[in-house]
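Visitor: Please work out how this folds:
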Amino acid sequence: MTADQFQNWYLQNPFLTITASATAVLLLYLFTRNVIARGLIYIASRTQTKVDDILIRHIKLLRFSLLAPFIAVYLFAYLFPEYQHYIEIGALFIILWVSLITVLSLLNAINEIYEKRPNFNGVSIQGYLDIVKILLLLVAAILSISLFSGESPIVLLTGLGALTAVLLLIFQNTILSLVASVQINMDLIKEGYWIEVPSYGADGDVLNISLHTIKVQNFDMTTTVIPTHKIMDVAYKNWRGMREAGGRRIQRSILVDMTSMKFCDEKMLKGLSKIDLIHDHLEKRLKEIKDYQTEHADHYDSPLDGSADYQYRALPRVY
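Guide: Numbers count the residues shown, from 1 in each chain. As a prediction, this is how the structure comes out:
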């Protein structure tokens, strides 16, 4: 049946034609959803890699299958010349936003795949992906307005140039957050770092760094959200060095009375020998001193004689 024959038949049987077309579109949607989409989901669940599972989970093929019937509606809209313009606009609008949502979901999947790599070092790319999302949303909004108004997207973009000041005011935090994200990714803060931000009551591990927010899970299992551009304006403490070193340096002052310091005598050594923690050490050192005295008995007649190492390390000091 040619297009002219179909149009003549449509004019004679409008209700039957609309019913048949709607049924064909519904069958195409059911086939795409229940055969192709579910088939891909089943194949992804049987593979060893987790990458396809992440992609399937974010893209949501059951939602993506909406594209097939609306593409068919757009392609065959000419069969209904009286409503062709409205059908094409409606179909293009739905195709545009379903595609946009799918691309945004794909960006989320890319971020998750990136962060789940074995060699992930905590450098987040979510801020840059958020910028791409904002740009895509702006493009989709402009295309949608162009679609319904009939104006060229270039004309709309030219008009946006006059609203630069307003756009800068609206996206002020976004611009500041983008600059802060670049600074943060210069090895200042990464996901997994333990940071302390007193001005925001944050003290815990960094869970996520996005374009606008930094999410910190405190040690009491609460969550603190800090604006990304604000982290560069406040003082914060990064405990990364302590964690990487495996220890913590603590500086304390100890006051010592110099008159209380002296060498141990025999009586004191006997008392100290009763302490289990230093008993073996004392026995070993005293034996070394006695062996040295026996070996050098011919000239060992002063406390200053003997090995300097033994004199300094052998006898414990009292404080």
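Visitor: Only C-alpha atoms from now on, for both contacts and neighbour counts.
Guide: Fine.
Visitor: where along the stretch 1-150 of the chain do the helices fall?
Guide: For the stretch 1-150 of the chain, the helices defined by DSSP state H, counting those that start in this stretch occupy 3-12, 14-31, 38-46, 51-59, 61-64, 67-75, 84-115, 126-149.
Visitor: Using TSV, lay out those helices together with mean pLDDT, distance to residue 252 and mean neighbour count.
Guide: Output for the helices of the stretch 1-150 of the chain, formatted as TSV (pLDDT from 0 to 100; distance: least, C-alpha to C-alpha, whole Å; neighbours: other C-alpha atoms under 10 Å):
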stretch	mean pLDDT	distance to residue 252	mean neighbour count
helix 3-12	57	91	13
helix 14-31	79	73	14
helix 38-46	85	58	14
helix 51-59	85	51	18
helix 61-64	82	62	16
helix 67-75	87	68	18
helix 84-115	89	41	18
helix 126-149	86	42	16
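Visitor: Residue 239: which of the ones you listed is closest?
Guide: Proximity to residue 239 (C-alpha to C-alpha) singles out helix 84-115 among these, at 21.4 Å.
Visitor: by how many degrees do the closest one and helix 126-149 diverge?
Guide: Note on geometry: by axes from the mean of the first three to the mean of the last three C-alpha atoms, to 10 degrees, helix 84-115 and helix 126-149 are set 180 degrees apart in direction.
Visitor: Tell me which other helices or strands helix 84-115 touches.
Guide: helix 51-59, helix 61-64, helix 67-75, helix 126-149 (3 or more C-alpha pairs under 8 Å, 6 or more residues apart in numbering; DSSP states H and E).
Visitor: low pLDDT regions in the stretch 151-300 of the chain?
Guide: Applying pLDDT under 70 to the stretch 151-300 of the chain picks out residues 159-163, 299-300.
Visitor: centroid residue for the chain?
Guide: residue 208 (4.2 Å; C-alpha atoms, centre = their mean).
Visitor: tell me the SS of residue 207?
Guide: Following DSSP: H, G, I helix; E, B strand; the rest coil, residue 207 is assigned to strand.
Visitor: before we move on, the earlier item: need the helices and strands packed on helix 84-115 in a markdown table (columns: distance to residue 298).
Guide: What follows is these, written out as a markdown table (distance: least, C-alpha to C-alpha, whole Å):
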| stretch | distance to residue 298 |
| --- | --- |
| helix 51-59 | 81 |
| helix 61-64 | 96 |
| helix 67-75 | 104 |
| helix 126-149 | 79 |
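Visitor: right, and those - which one's nearest residue 245?
Guide: Closest among the helices and strands packed on helix 84-115, once you apply C-alpha to C-alpha, is helix 126-149, at 28.5 Å.
Visitor: Quick check: the gap between residue 204 and residue 65.
Guide: According to C-alpha to C-alpha, to the nearest Å, residue 204 stands 42 Å off from residue 65.
Visitor: Looking at the two, which is more packed in?
Guide: Higher neighbour count among residue 204 and residue 65: residue 204, with 24 against 20, using other C-alpha atoms under 10 Å.
Visitor: That concludes my questions; thank you for your assistance.
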